[in-house]
Every structure is written in structure tokens, then in C-alpha cells.
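Student: Below is the sequence, then the predicted model.
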Amino acid sequence: MNHPTILDIILLLLTGLTAVYLVWRFWQRWGWEKQPYVWYYIMAFVVLFVSGVLLIFLGYDILGTPFVLTVASLIPLGLSMGIAEQYFQSWKKQFKWFATVGFLAIAVTSFAGWEMVRKIAVPLFHGIAGLVIFLGPFFAKNSVTGAKPANGFWWVGVGGGLIGIGGIALAFLSMNTPLLGIFTPELVYNILALLLFLMTMAFAWGFVKDIKN
């Protein structure tokens, strides 16, 4: 069993607390804005919190299970759909279809054991969703008001880069193929808690800047 170290547990707890804080801030935003993209963000950070709790109590071996692989995909799904809904009105519908089909493909192929299709669906979905989260904040413009987000919103893009790297690395691990031959299970397990923590901190800094804007 690959259990998290004490340092990993501390980082995962801090990640979970930050995720709860962001859920609370987005809930506040829903109170005065009533825009649907808020719920996409809330979904992503609720799943991030739950994922952190599962890792603490069940260890890293759960990352390869069909259930966790599917549920964890809700994090990039929610964040990318939220950014598309909030800032990219012209292609948000097309992206929603892609994201929904991609998520369902991951779920079906994971539980059905269709390895060949899953090897295509998982990195494709995580890669494109990660690109939206990574690049979207640098080109964002509010689809409702036309206003640009706060200057610090680009930190969400930094978090997107980290989630993209982590998501694709985990996707390759689930196929028993280390990404680039470098991201072996040992390396991924050693850096995962830190990666999640840094990712969440970047998201928190960027999203809170935008909420205050």
C-alpha cells in the first residue's frame, strides 16, 4: 500500500481546507451574482476536498480505481466548464458537449475495462480541459459584463498548468505507462500532495482576486 507521509497528510489537509474556503467564497458569489458557472466551480472544489480526504484515509493506491479516476475527472471538468461559461460565450456550448462526452467516455471505459479506448479518452480529456484552465485566464473577458477579470486572475492559469501536468501523469499511471518515462509511480506519489497544494493555492489566489473584482 502507498500511504501518504505525515508531510503529505499535512499538505492534503491544507489543500482540503483551502478547497472548503473556495466553496464558501463561491457560495457567497452565488448569493449576489446567480450565474450558473459558480456551480461548476463549487463542484470542482467539493470533489477536490473529497479526493484529498480519500487519499489521506485510503492511500494513493485508490488513484488507479475506476471510481476515483472518474470522480477526480470532475475537477478539471468543473473548472474548465466554469471558465468557458464565464468568459468564453462564443464557444462555451461546443466545449460543454466535448467535456460532457469526455467525462462519460472516461467513466464508461474505466468501469467497463476498455483499456484501448480509455488510453485515448483520459489524456485527451485531461489535456484539453487543462489547456482551457491554463490558457483561459490569460484571455478571459466576462461574457455577461464584458469586463476583464482582476489582474491576479492569471494565477488560475498557473493552477491550470499544474492540474494539467498532474492529471496527465496520473492518467498515464492508470495505464501502467509512466509519462515521458519520468513520472513513475514513485515520483508521482512523492510529489502529488505538494502538487495538489500548490495548485490549490494558485487557484485560491486567482479566484479570490476575481471574486473581489
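Tutor: Great, that's in hand. Residues are numbered from 1 along each chain as shown.
Student: Quick one: list the elements packing against the host helix or strand of Ile42.
Tutor: If you go by DSSP states H and E, Ile42 is part of helix 37-58. Helices and strands touching helix 37-58, by 3 or more CB pairs under 8 Å, 6 or more residues apart in numbering; DSSP states H and E, are helix 6-33, helix 66-72, helix 74-87, helix 185-212. No exception for glycine: its C-beta is placed from N, CA and C like everyone else's.
Student: quick one: low-confidence ranges for this structure?
Tutor: Residue ranges of the chain with pLDDT under 70: 1, 142-147, 167-185, 212-213.
Student: can you do 50?
Tutor: Within the chain, no stretch has pLDDT under 50.
Student: burial count for Gly59?
Tutor: 14 (other CB atoms under 10 Å).
Student: What degree of burial does the closest residue to it other than its chain neighbours show, as a neighbour count?
Tutor: Leaving aside its chain neighbours, Gly59 sits nearest to His3 (4.5 Å; criterion: CB to CB, 6 or more residues apart in numbering). As a burial measure, His3 scores 14 neighbours (other CB under 10 Å).
Student: so which of the helices and strands packed on helix 37-58 gets nearest Thr100?
Tutor: helix 74-87 (8.1 Å; CB to CB).
Student: Distance from the chain centre to that closest one, please.
Tutor: The chain centre lies 9 Å from the centre of helix 74-87; the measure is CA atoms, centre = their mean, to the nearest Å.
Student: Past that helix, which element shows up next along the chain?
Tutor: Counting by DSSP H and E, what follows helix 74-87 is helix 92-112.
Student: picking up where we left off before, is the residue nearest to Gly59 part of a helix or strand, or is it coil?
Tutor: His3 carries the three-state label coil when classified by DSSP: H, G, I helix; E, B strand; the rest coil.
Student: Look up phi and psi at it.
Tutor: phi -90, psi 150 (degrees, to the nearest 10).
Student: Surely it touches Tyr60?
Tutor: Yes. Using CB atoms under 8 Å, His3 makes contact with Tyr60 at a distance of 7.4 Å.
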